[in-house]
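Asks: This is the structure alone, sequence omitted:
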């Protein structure tokens, strides 16, 4: 599938609506297998179940869960603790990152959500519309930034923002829904992209 015209973006939003239905009220827990290390002003996280690791600002919160939305799908949440509740309007300083990652399905039986996420990723990769999809390099990996707040707004609640998607050498794909308040969008984009550049998913260790 290609995204060469504006109406094609609707297919991405419609597909990620599946995520919104399943994930609304996103609440992450089940932090087993976790190893945190203080690194000056940043912390690092790594676990052995998926070989998932990332870095994030030390004053921010981090949670991770497994198989909550589909078997074989890891989910994580990183926030700067300035977002308030979903029932309130988007706080201007809010940064709310929601991450979903799993192994690329290759003819194996898996959930409809899992397949939809992977198909949406393929649609984004094949886009030639630079106004809607920005291809960039972060941390040595190719990241596709979807310039629409609709998917992120549906998943995160109060704050919309861009959607970042990439795949790893180990055959995993990752979605990063970046919910950002007005001031955060202007001031924290570099921090968000630093977090994304640090994300690795290398498979079970």
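Replies: Noted; the coordinates are in hand. Worth saying up front: this structure is predicted, and the values here are computed from it rather than measured.
Asks: so where's this structure shaky on pLDDT?
Replies: 1-40, 85-88, 106-110, 204-205 (pLDDT under 70).
Asks: what about 50?
Replies: Within the chain, the ranges that satisfy pLDDT under 50 run 1-14, 16-39.
Asks: Check it and tell me which residue is nearest its centre.
Replies: In the chain, the residue lying closest to the centroid (CA atoms, centre = their mean) is residue 176, at 1.5 Å.
Asks: Verify the stated contact: that one with residue 197.
Replies: No. Applying CB atoms under 8 Å as the test, residue 176 and residue 197 come out as separate, 10.8 Å apart. C-beta coordinates here come from the backbone N, C-alpha and C atoms, glycine included.
Asks: need the contact list for residue 159.
Replies: Residues in contact with residue 159 (CB atoms under 8 Å, 6 or more residues apart in numbering) are 83, 90, 91, 94, 96, 152, 153, 179, 180, 181, 184.
Asks: nearest residue to it other than its sequence neighbours?
Replies: Distance criterion CB to CB, 6 or more residues apart in numbering; nearest residue to residue 159, sequence neighbours excluded, is residue 179 at 3.6 Å.
Asks: Correct me if wrong, but that neighbour is in a strand.
Replies: Yes. Residue 179 sits within a strand when classified using DSSP: H, G, I helix; E, B strand; the rest coil.
Asks: I figured it hits residue 82, correct?
Replies: No. Using CB under 8 Å, residue 179 is not in contact with residue 82; the gap is 11.2 Å.
Asks: neighbour count winner among these two?
Replies: residue 179 (26 against 16; other CB atoms under 10 Å).
Asks: show me where the chain has helices.
Replies: Assigned helices in the chain, in chain order: 9-23, 112-125, 150-156, 182-187, 189-198 (criterion: DSSP state H).
Asks: What are the buried residues along the fourth one?
Replies: Taking 16 or more other CB atoms under 10 Å as the basis for neighbour counts, the residues of helix 182-187 that come out buried are 184, 185.
Asks: what's that helix in contact with?
Replies: When contacts are defined by CB under 8 Å, 6+ apart, helix 182-187 is touched by residues 80, 82, 90, 92, 93, 94, 95, 159, 161.
Asks: Neighbour-wise, give me the winner out of the residues you listed.
Replies: Busiest of these [other CB under 10 Å] is residue 95, holding 28 neighbours.
Asks: Run through the residues that contact that residue.
Replies: 60, 78-80, 82-83, 178-181, 184, 188, 191-192.
Asks: One more: residue 104?
Replies: Residue 104 is in contact with 118, 167, 171, 172, 173, counting by CB under 8 Å, 6+ apart.
Asks: Would you agree the third one is in contact with residue 101?
Replies: This means residue 171. No. With contact defined as CB under 8 Å, residue 171 does not reach residue 101; the gap is 11.3 Å.
Asks: can you count the residues close to the residue lying closest to residue 52 once chain neighbours are set aside?
Replies: Nearest non-adjacent residue to residue 52, counting by CB to CB, 6+ apart: residue 201, 5.2 Å away. Using other CB under 10 Å, residue 201 has 23 other residues around it.
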